[in-house]
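Q: predicted model and sequence below, questions to follow.
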Amino acid sequence: MKQDSAEATLVLENVRKRREKGGNLFELHIPSFRIRPGEFIAIVGESGCGKSTLLDMLGLVLRPTSAETFEYNIPGRKRALDIDRMSRRDQARVRQRDLGYVLQNGGLLPFLSVRDNILLPCRINGQRRAESHVEELARRLKIENQMSKKPAFLSGGQRQRVAIARALAHRPPIVLADEPTAAVDRLTAREIRDTFRELTRQMGVTLLMVTHDVALVQDTVDRMFVFDVTKPAPEHTTAICREGTAGEVQQ
Amino acid sequence: MKNETSPAPAATPPGASHQPPQTGWRKPGLVLRLAAADVRHEWVLTLCLVLAIAAVLSPMLLLFGLKFGTIETLRRRLIQDPRNREIRAMVSTTFTRDWFGQWGAREDVAFLVPLTRQIAATVSAAIKDSTEKTDLDLIPSAADDPLLAENGCRAPADDEAVLSHFAAEALKATVGDELVVTATRIKGSQYEKGEVTLKIAGILPVSAGVIKALYVTLPLLENVERYKDGQSVPEYGWKGSAAVAYPQYNGLIIALPEALGKVDEYQLCNNTGFTKIKQLEAAELDSLAGITASDKRIYYLLSTERRPVGEDSVVSVRNRLRGRQAVLLPWVEPIAARLEFDGGEKTLDLQLHALSADTPSADMIELTPRPPWQNQPCWTDGSFPLLLPEGIEIGDPATCRLTVTNSEHRLEFPVTPMETRVTAGARAYVPENLAGVLRLLDSRNLSYEPEQKQFILSRRGYAGFRMYAGTIDDVDGLRRDLEASGLPVSTAAEEIQRVKEMDHYLTLIFWLVAAVGITGSVASLVASLYASVERKKRPLSVLRLLGLSGATLFRFPIYQGLMIAAGGFLLAWAFFHGMAQAINSLFQSHLRAGESFCRLPWEHQLLALGLTLALAALAAMVAVVRLARIEPAEALRDE
């Protein structure tokens, strides 16, 4: 286990999350979830299966109800970071330095220009001289001409590209993406997927992407996690997350 | 199992990370810039919030400004208005100099000046070379007269006058004009007129009083009274009789060849003005009167219990001792005087003693020093002889002047030092009747009249007074004390009480209105800012996801609240100042210099700003604390 931990960037063992909402009980169980550095992982499932819940827990904005192991093993850090031992401050620090996010609709701040949005994580981290890296990212993502605009003036695809640039700007080891291509057409989605994949590979970034679109990611991803959803009672849903294949999901 | 070997990450020092240590100082600036960018971006909403806050703040500022301005104006007028501080006597009686000295010295009395009889204080006046004559009341004034000072006029000098508003109107007078004041009197069946020209030093506003009055110095008023009483006023060239001063003695030393019987002693104290008789040893004369005399005589001292006696008492004693070879030496207590000589360059303090003017009688009892003056009364020729001790070198006897002062008055006149000197220490001698006149200074004020070379009696007392209390709060205490001393007075006490009560109720009503207003303002402020924070859920969640946490994140809405509140305050403040100016200029005619109807002092404006900002921060904090309880994940998936 210890050796495994050393290899894996993210280690989750027997993580459970229970949520009750409006009398409905939802239980998510993750028996084992290990991600190695540089992997491209897709977390696939229908809506309500718990994939966003998993992503939020990974993003440290949602606490698991119980966890045997929930560790971040960031390359370059001396020790593994255990979620149970992390103060809110530590969590914020991990979010700030080690994680990048691409949200469903970009999650861009409407009051900042594209450039300021992308530079924001660098500024929060106190990184200076990040401009050239950011310009390069923008060029690669074909948004170099949109840098001075406010997000409201961008198309959906452009917005997602900006979100990707922002997620990568401060060079985090892990990027979490939540349905980054849900709101764009298929062609654009493929383009975004490819650029994203290429950038993360070049930067050695571990990418975890939540999506319902198996077809989009099945040929690109290294591995895939799927959910087994059962309903033992009308008001009770349980989901178990496990590694799976595209075929299973499409069934 | 988990964490078997990994030490607690919480114990990890921040420096152990692979990235450079956090430059935390950047964050406040960053959050501030983010908050400002958002406020700018959503400028329409910001403007709405700013307007909403300005809308509730400006009436509040205006309300407070009006309250502060009007009440302050009222209160200042009340406290400063000399008319409310004035205390008037309800009865006509004589007020002595002592009375003025005693009451004028009180700390709660700001100003006290005597009044002459009303009938003597009416004059007619006209601007020089004008035919418009008006009857005016002469009212005495002096330095620090509140009625003049509070109304922007300085006290008049002896040749000046300050006019009341209506007096100036009737005379068509302006400041700087020359005013001819005419006092009239009836002598026999004829009218007589005395004129004096005064310069107008100031004109009072109508608020200082509606009477037609001329404020002048007390000496001028007294001169007019003297003239009206038939006396002369040589300063103005007004003719008439003179009230010549008379000598007054503390006692009478009698030298007799033989002792008096009991009956004789009794007779000398009966109806002569003297009340006590005491036999003196010849040796006692020196310490008592500064003289020595033959010890072959029997000496008596006639004296009084209280007030000194006049010449008539001496005459009646002389009559009773007729044929007994009595020598009478009127006695006064030594008088402190100062001699100025050699053109005022040198001064000398002297103790003046009375020395008999009757040289033959003096020789009879071998009086030492021997009186060097012969004729009696020796000073009617205008030369006042002075017998000085030895050793004083007088360069020019013509420039010697003697000064004698009592508690309030100073009498100065020329003296002629005798060529003879006496061996008498610091003692100096003047003829007994001159000493007696100087002793009169104890009870009466005298002035030396150089034209007639006479001492003129000043007035004895006054018919009334002008009194002003220090503040309106002193008025009632003064009234009680004056009435306790047996003098009924009228004050503006009722007016003061009424305005105080009105102020109290006005203040109460104001605070009721203000309480409602403030509650509304606070509610509106809190609601506006709370709503604006609520709208920031999503950007706040994004920022949280990007690694801003806790206090750092809290600052975002607080900064915004502060910015919006500051903007609202600025707008309200500008509105308030515009309105205040408009109100003040609208009511300008009712205001005096330095007064305003609508006004907020700087410290109150700052307080209002501080309160607004504090409330804004508080409202934002309440909102953001509530927001922090929402799981950020939920906010992220709202769309």
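A: Thanks, I have the structure now. Numbering: from 1, shown residues only, chains lettered A, B, ... in the order given.
Q: residues of stretch B:118-136 that come out buried?
A: Neighbour counts over stretch B:118-136 (16 or more other C-beta atoms under 10 Å in any protein chain shown) mark B:120-121, B:123, B:125-127, B:134, B:136 as buried. (C-beta placed from N, C-alpha, C; glycine too.)
Q: and these, which of them are in helices?
A: Using DSSP state H, no member of the buried residues of stretch B:118-136 falls in helices.
Q: redo the residues you listed as TSV? Include pLDDT.
A: Shown next, in TSV, are those (pLDDT from 0 to 100):
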residue	pLDDT
B:Ala120	75
B:Ala121	82
B:Val123	89
B:Ala125	90
B:Ala126	90
B:Ile127	89
B:Thr134	89
B:Leu136	91
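Q: now these in a markdown table, with distance to A:Ala177?
A: A markdown table is the format used below for those (distance: C-beta to C-beta, whole Å):
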| residue | distance to A:Ala177 |
| --- | --- |
| B:Ala120 | 109 |
| B:Ala121 | 104 |
| B:Val123 | 106 |
| B:Ala125 | 103 |
| B:Ala126 | 105 |
| B:Ile127 | 100 |
| B:Thr134 | 101 |
| B:Leu136 | 101 |
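Q: most widely separated two among the residues you listed?
A: B:Ala120 and B:Ile127 (23.4 Å; C-beta to C-beta).
Q: give me the neighbour count for B:Gly176.
A: As a burial measure, B:Gly176 scores 9 neighbours (other C-beta atoms under 10 Å in any protein chain shown).
Q: also A:Gly23?
A: Neighbours of A:Gly23 using other C-beta under 10 Å come to 6.
Q: distance of it relative to A:Pro173?
A: 40 Å (C-beta to C-beta, to the nearest Å).
Q: Provide a list of residues in contact with the residue nearest the centre of chain B.
A: By C-alpha atoms, centre = their mean, chain B has its centre lying nearest to B:Ala110, at 4.1 Å. B:Ala110 sits next to B:85, B:144, B:146, B:468-470 when contact means C-beta atoms under 8 Å, 6 or more residues apart in numbering or on different chains.
Q: tell me the pLDDT of B:Leu627.
A: Looking at B:Leu627, its pLDDT reads 71.
Q: how about B:Pro372, secondary structure?
A: coil (DSSP: H, G, I helix; E, B strand; the rest coil).
Q: count of neighbours near it?
A: B:Pro372, neighbours per other C-beta under 10 Å, totals 17.
Q: quick one: it and B:Arg421 touch, right?
A: No - using C-beta atoms under 8 Å as the test, B:Pro372 is too far from B:Arg421 to be in contact (9.8 Å).
Q: common neighbours of the two, please.
A: B:Leu387.
Q: rewinding a little: so what pLDDT did the residue nearest to the centre of chain B get?
A: 90.
Q: helix or strand: which one has it?
A: strand B:109-115 (DSSP states H and E).
Q: and the residue of the stretch 101-250 of chain A closest to chain B?
A: Nearest residue of the stretch 101-250 of chain A to chain B: A:Phe111, at 3.3 Å (C-beta to the nearest C-beta).
Q: that residue against B:Ala35, yeah?
A: No - counting by C-beta under 8 Å, A:Phe111 does not reach B:Ala35; the two are 9.2 Å apart.
Q: give the next helix or strand downstream of the helix or strand harbouring A:Ala67.
A: If you go by DSSP H and E, A:Ala67 is part of strand A:66-72. Where DSSP H and E defines the elements, the next helix or strand beyond strand A:66-72 is strand A:81-82.
Q: can you list the buried residues in whichever helix or strand comes after that next one?
A: Going down the chain from strand A:81-82, the next helix or strand is helix A:88-97, by DSSP H and E. The neighbour-count check on helix A:88-97 (16+ other C-beta under 10 Å) flags A:90-97 as buried.
Q: could you do stretch B:94-102 as well?
A: Under 16+ other C-beta under 10 Å, the buried positions of stretch B:94-102 are B:95, B:97, B:99-100.
Q: dump it to PDB, restricted to CA.
A: Only the C-alpha atoms of stretch B:94-102 are listed here, as PDB (Å, rounded to 0.1, in the frame of the first residue of the first chain):
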ATOM      1  CA  THR B  94     -30.100 104.900  44.800                       C
ATOM      2  CA  PHE B  95     -27.300 102.600  44.100                       C
ATOM      3  CA  THR B  96     -24.000 103.500  45.800                       C
ATOM      4  CA  ARG B  97     -20.500 103.000  44.400                       C
ATOM      5  CA  ASP B  98     -20.000 100.300  46.900                       C
ATOM      6  CA  TRP B  99     -23.000  98.500  45.500                       C
ATOM      7  CA  PHE B 100     -21.600  98.600  42.000                       C
ATOM      8  CA  GLY B 101     -18.200  97.500  43.300                       C
ATOM      9  CA  GLN B 102     -19.700  94.600  45.100                       C
END
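Q: just the CA trace of stretch B:130-147, in PDB.
A: The C-alpha coordinates for stretch B:130-147 follow below in PDB (Å, rounded to 0.1, in the frame of the first residue of the first chain):
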ATOM      1  CA  SER B 130     -28.700 118.600   9.400                       C
ATOM      2  CA  THR B 131     -32.000 119.900  10.500                       C
ATOM      3  CA  GLU B 132     -33.400 116.500  11.500                       C
ATOM      4  CA  LYS B 133     -33.600 116.500  15.200                       C
ATOM      5  CA  THR B 134     -34.600 113.500  17.200                       C
ATOM      6  CA  ASP B 135     -35.000 112.900  20.900                       C
ATOM      7  CA  LEU B 136     -32.900 110.100  22.100                       C
ATOM      8  CA  ASP B 137     -32.200 108.200  25.400                       C
ATOM      9  CA  LEU B 138     -28.700 108.300  26.500                       C
ATOM     10  CA  ILE B 139     -27.600 104.900  27.700                       C
ATOM     11  CA  PRO B 140     -24.200 104.400  29.400                       C
ATOM     12  CA  SER B 141     -21.800 101.800  28.000                       C
ATOM     13  CA  ALA B 142     -18.300 100.800  28.600                       C
ATOM     14  CA  ALA B 143     -15.700  98.300  27.400                       C
ATOM     15  CA  ASP B 144     -17.100  94.700  27.100                       C
ATOM     16  CA  ASP B 145     -20.700  95.900  27.000                       C
ATOM     17  CA  PRO B 146     -22.400  92.600  25.700                       C
ATOM     18  CA  LEU B 147     -25.100  94.500  23.900                       C
END
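Q: from the chain's centre, how far out does that stretch sit?
A: 20 Å (C-alpha atoms, centre = their mean, to the nearest Å).
Q: tell me who's in contact with the residue of the stretch 101-250 of chain A closest to chain B.
A: A:150, B:34, B:37-38, B:40-42, B:539.
Q: kindly report the same for B:Phe100.
A: Taking C-beta under 8 Å, 6+ apart, one finds B:112, B:114, B:462, B:465 in contact with B:Phe100.
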